[in-house]
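**Q** starting from these lines, generate the structure:
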Amino acid sequence: MINRILMLEPNDTIGSVLARNRGKGPSFDVLRLLLAVAIFLVHARWVAGMAEVSAVGNAVTTGAPAAPVAPVPTDAAVHRGMLTLPLMKSLVPAFFALSGFLVLGSALRLQATSTFLAHRSLRIFPALAVEVIFCALLLGPMLTTLPLHQYSSEPLLFRYFGNALGLVTYHLPGVFEQNPVAGVVNASLWTLPSEFYCYVIIAALLLTKTAYSRSFFAIGLLAITLSLAFAHFLFGISAPTTGHYPAHVVVYYFFVGTLLYHYRDHIPVNIGLFLACMVLAYVGLALDHLAYLAPIPLTYCTIFFGLARLPKPAFVSRGDYSYGIYLYSFPIAQAYMALIPELKGHDGLLITLAGVSSCVFAALSWHLIERRTLELKQHLPQRWFPVTLRATG
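**A** From the prediction side, this is the model:
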């Protein structure tokens, strides 16, 4: 009954569902959007001063990027929301696991390192550059507490443009300093360096042809898992359930996603396995000493959602708005807090205001920037960027 609702066959594998849908999961676009919205909701509570989370770090004066932080409650908040904590912890890892699954599929179809890097660059950098310029040259001058001549001459302003290349700086001179999340312009950008690491590794694997080897991925991931678990238990090095999500953690989830793609023809898709993995993922995320129980089942649950045929609002078919929401929702929420300090403690109102505005910006970003730059894939010179399948997503 459930399989019929989700439009899955009794003997389906991940690979068979992909093949039936011309290589695309029926609901991957919905899943990306849901994850982006869920992260925005957690961020909005943080911005409104309603969630206790680890600070991004006070680098306002130096401009140095602090340790990246996921919006996960600290111990004081854990006891108030224990049931939802594993779900909150799963959001960023699920994003990276899904990215690993989809990006490796794209890389193996393209079969050329230069083309892969060109496609990834067209997907990431143009929209990112526009967002960085928007924050630095429009939002910052409007909301800074400094005189404009001082704002425009601060070295921190020029360092902020490094975000367009993944050199993360969270702060702009005199901007958002009185907000509950003081001085942070866009905390979402903390994932960028990790994402770039993943792309560089995939490019290197393509170049050396090891990207095509299932056994290489399986043995390599097993060795890395054992090493991380060993480091976690003996030395207390951060595990995938901690709130800070160091780079190695989210990169690790990315490559769990690649492993499932490699074994897609051997992994069944059924509701029973999904429920079992959901329980294992929940327990692994809830209990830090079982951290390495979570990645594979969480990744399976993520991919399962993307393969099931979920209800899809009409607007989802018009564009991929998840990246725009990821880019703009945090600075927009911070801007509302700066303009209307009375929003502190009123997360519902902030979510409404910032949510509507973020959707508008995401739509503009897709239709005016992202979609148009993605169309450039079709015009890459075949000599330098060989490809057997011109992808558009």
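**Q** going forward, measure contacts between C-alpha atoms and count neighbours the same way
**A** OK.
**Q** so Thr302 makes contact with Leu98?
**A** Yes - in this structure, Thr302 is within contact of Leu98 by Cα atoms under 8 Å, at 6.7 Å.
**Q** neighbour count for the two, which is higher?
**A** Of the pair Thr302 and Leu98, Leu98 is the one with more neighbours under other Cα atoms under 10 Å, namely 27 against 24.
**Q** show me the contacts for the more buried one.
**A** Contact partners of Leu98, counting by Cα atoms under 8 Å, 6 or more residues apart in numbering, are 254, 257, 299, 302-303.
**Q** what's the first helix or strand after the one helix or strand it maps to?
**A** Leu98 is located in helix 85-110, with elements delineated by DSSP states H and E. Where DSSP H and E defines the elements, the next helix or strand beyond helix 85-110 is helix 113-134.
**Q** show me what that next one is packed up against.
**A** helix 85-110, helix 192-207, helix 322-339, helix 371-374 (3 or more Cα pairs under 8 Å, 6 or more residues apart in numbering; DSSP states H and E).
**Q** export the ones you listed to TSV and tack on mean pLDDT and distance to Arg20?
**A** Supplementary listing: these in TSV, determined by pLDDT from 0 to 100; distance: least, Cα to Cα, whole Å:
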stretch	mean pLDDT	distance to Arg20
helix 85-110	92	15
helix 192-207	95	26
helix 322-339	97	25
helix 371-374	95	25
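**Q** can you redo those helices as a markdown table with distance to Gly345?
**A** What follows is the helices and strands packed on helix 113-134, written out as a markdown table (distance: least, Cα to Cα, whole Å):
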| stretch | distance to Gly345 |
| --- | --- |
| helix 85-110 | 20 |
| helix 192-207 | 29 |
| helix 322-339 | 10 |
| helix 371-374 | 37 |
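**Q** so which of those is nearest Ile124?
**A** helix 322-339 (8.7 Å; Cα to Cα).
**Q** which secondary structure elements does the closest one sit against?
**A** Looks like helix 322-339 contacts helix 28-47, helix 113-134, helix 347-365 (3+ Cα pairs under 8 Å, 6+ apart).
**Q** chain center to it: distance?
**A** Computed by Cα atoms, centre = their mean, to the nearest Å, the chain-centroid distance of helix 322-339 equals 15 Å.
**Q** what distance do you get for Cys135 to Gln334?
**A** 11 Å (Cα to Cα, to the nearest Å).
**Q** shared neighbours of those two, anything?
**A** Joint contacts of Cys135 and Gln334 (Cα under 8 Å, 6+ apart) are Val185.
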